[in-house]
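Q: sharing a model that was predicted from the sequence below.
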Amino acid sequence: MAKGKGEPDGDTATIRRGRPRSAETTNAILQSAYTLMATTGLAATSIDAVARDSNVSKMTIYKWWPSREALLIDAFLHHASLMLPLPSTGTPADRLRSHAAVYAKALQGEFGKVQLAVISECISNTGSAEIFYERYLRYRRTALVELIMAGQQDGSVGAAGTPEDLYDAIYGSLFYRYIFGIKPISPAQARNLVDTLLIIKSR
């Protein structure tokens, strides 16, 4: 599936942290970690539990991930890259509208709960969400900021603000509404938000 320019795929992400010997083993670990987070909660998603579920030794997991938080974030990143790929066709405005709509829908399911839980875990254990930003959000944000910039250049995005501020206004608003249960938050609302903030005519 297509990913944004700024977002690493599985191989690129693992190269940053030392390339593992087996992509299959890496995927098994990440899938087990995400499944456990989604079904049993973060408290039960220990390194021991992931090792048992993936049938991989704890030594291997500790060798490839510097901390439990890093593993949980990478498991979330892995799932997000499969669930929320950046559309590869259409104008930048169309692609942004589509991605925001899919994100809004995902927030209503287990994806939203796992995302919030991982961020909360990072803040609880380290005092900030910096590790979540560095290992996950930075890549997604960069890809979508570049897409907004491309839309400004080709005219499909009429807003004159900085791409970074426009991205934060869209996705920050969606996440804020999700956290506090402010309605409506839906694919249609997300598309309307993109149209309004990026000055795009509704279709």
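A: In hand now; what should we look at?

Q: when you work out contacts or count neighbours from here on, use the C-alpha atoms and nothing else.
A: Fine.

Q: does Ile185 count as helix, strand or coil?
A: coil (DSSP: H, G, I helix; E, B strand; the rest coil).

Q: ok, now which ones touch Ser128?
A: Contacts for Ser128 (C-alpha atoms under 8 Å, 6 or more residues apart in numbering) come out as Cys122.

Q: Val56: what secondary structure?
A: Assigned state for Val56: coil (three-state reduction, three-state DSSP).

Q: from Ala129, how far off is the most centrally placed residue in the chain?
A: By C-alpha atoms, centre = their mean, the chain has its centre lying nearest to Ala80, at 5.0 Å. Distance of Ala80 to Ala129, given as C-alpha to C-alpha, to the nearest Å: 18 Å.

Q: do Tyr34 as well
A: Remark: distance between Tyr34 and Ala129 (C-alpha to C-alpha) = 19 Å.

Q: between these two, which one's more packed in?
A: Tyr34 (26 against 16; other C-alpha atoms under 10 Å).

Q: residues contacting that one?
A: 72, 75-76, 79.

Q: mind redoing it with 7 Å?
A: Counting by C-alpha atoms under 7 Å, 6 or more residues apart in numbering, Tyr34 touches 75-76.

Q: what strand or helix carries it?
A: Counting by DSSP states H and E, the element that carries Tyr34 is helix 23-40.

Q: average pLDDT across that helix?
A: The average pLDDT for helix 23-40 rounds to 95.
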